[in-house]
Structure formats: C-alpha cells, structure tokens
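Trainee: Below are the sequence and a predicted model for it; my questions follow.
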Amino acid sequence: MNIKETFIKDLLIITPNVFTDERGYFLESYHKNNLESLLTTDFVQDNESQSQKNVLRGLHFQNPPHAQAKLVRVITGSVLDVVVDLRKSSATYGEHFKHILSAKNKTQLYVPVGFAHGFLVLEENTIFSYKCSDYYNKASEGAILWNDSTLNIDWNVKQPIISEKDKVAEKFTNFVSPF
C-alpha cells in the first residue's frame, strides 16, 4: 500500500497494491496490520451506496459520542470526494480537501473523526463504499450545507441532485463544532 499525507493533518490518501493479469485484478482494500501504525481506528460497519451521475451526498458527519472515522472508496464509477475539517483546534479548521476516487485509480481516503464528508458522483451507476469506526446513530447525525459560500467548494456542477435533508443543512457560519 502507498500512503500519502495531505495538507490536512491525519487525512490520508491510500492506494492499494493492485495485481493484474489476463483474468482481471486483485487488491486488498483493507489490511489492518499494514495500516495499524497510521490508523488506530477499529472499523465496525461497512456501508455502500449506488448513485446516478450528478448526485451530491453531503456534507455529513456524526456528532460525539458517535463520531465516525471513515475509509472511503469507489467500486464502480467515480466521485469527487470532499471533506471539511471541523476540528476547532486544527490549523486547517474550516478548510476543505478534494480528491477524485474512482474504480480506475482505486485510491481510498482515510477521513478521521472531526470531518464533514461528501461526494459528487461523476459517472452513472457509481458504487461508493466506506468503512466506519462507529455505528450510525440518527440522533447524532449532522450536516453542513454543501454550497455554503464560506467554504468556497467548487463542486464543478451547476445543478446537482440533492436530498431534501441536504438542501436545508446548517450553514458553516452558524455551525458550532463539537470536535
């Protein structure tokens, strides 16, 4: 595995070793022993979503005590993956990071606790998969408005397909971080 640090502390891009031959490919998408020196995360739940092109999901997070770290990847298709640092004591609080995750590049993003996460689907029938460090808890869910002008995220889409919940998410300027 190749692990690359980003400009945001603790946010990592992970590229697995991919073995290909005439039959196809093989990769280890997660290997605890290979990552335990960098990730102290115990993952307890795997989630998967399928979406059409231009669906935008996010920016979501879980509040403490059910906050989640995530290891995200794309199985089929591609997404523009976006995270926002919500950690008050972080030098990059309120800053965002974007990265293309795709079936072709097979990269993954490790998103620690204290980040809002979202993605824009770039291809039809994209399958997005992620590991979580805590179980989903409806009472702990939170969201930041995907197009909040304070965050200045260029999603490179004019009219994304968005859930009703995400349309009325909290503005970052009103957000009081629990992280």
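Mentor: That came through fine.
Trainee: any idea of the mean pLDDT in stretch 88-108?
Mentor: Mean pLDDT, stretch 88-108: 98.
Trainee: what residue is smack in the middle of the chain?
Mentor: His117 (4.6 Å; CA atoms, centre = their mean).
Trainee: Determine the three-state secondary structure at that residue.
Mentor: Assigned by DSSP: H, G, I helix; E, B strand; the rest coil, the conformation of His117 is strand.
Trainee: what residues are up against it?
Mentor: Counting by CB atoms under 8 Å, 6 or more residues apart in numbering, His117 touches 58-61, 70, 72, 81-83, 111. Quick note: C-beta positions are derived from backbone N, CA and C, even for glycine.
Trainee: Equivalent analysis for Val79, please.
Mentor: Per CB under 8 Å, 6+ apart, neighbours of Val79: 100-102, 119-122, 126, 128.
Trainee: Apply 7 Å and report the result again.
Mentor: By CB atoms under 7 Å, 6 or more residues apart in numbering, the contact set of Val79 is 101, 119-122, 126, 128.
Trainee: residue at max distance from the center of the protein?
Mentor: Max radial position in the chain (CA atoms, centre = their mean) goes to Glu22, at 32.1 Å.
Trainee: List the contacts of stretch 26-39.
Mentor: 1, 3, 12, 16-19, 71, 73, 106, 110, 131.
Trainee: Among the residues you listed, find the lowest-pLDDT one for me.
Mentor: The member of the contacts of stretch 26-39 with the lowest pLDDT is Met1, at 86.
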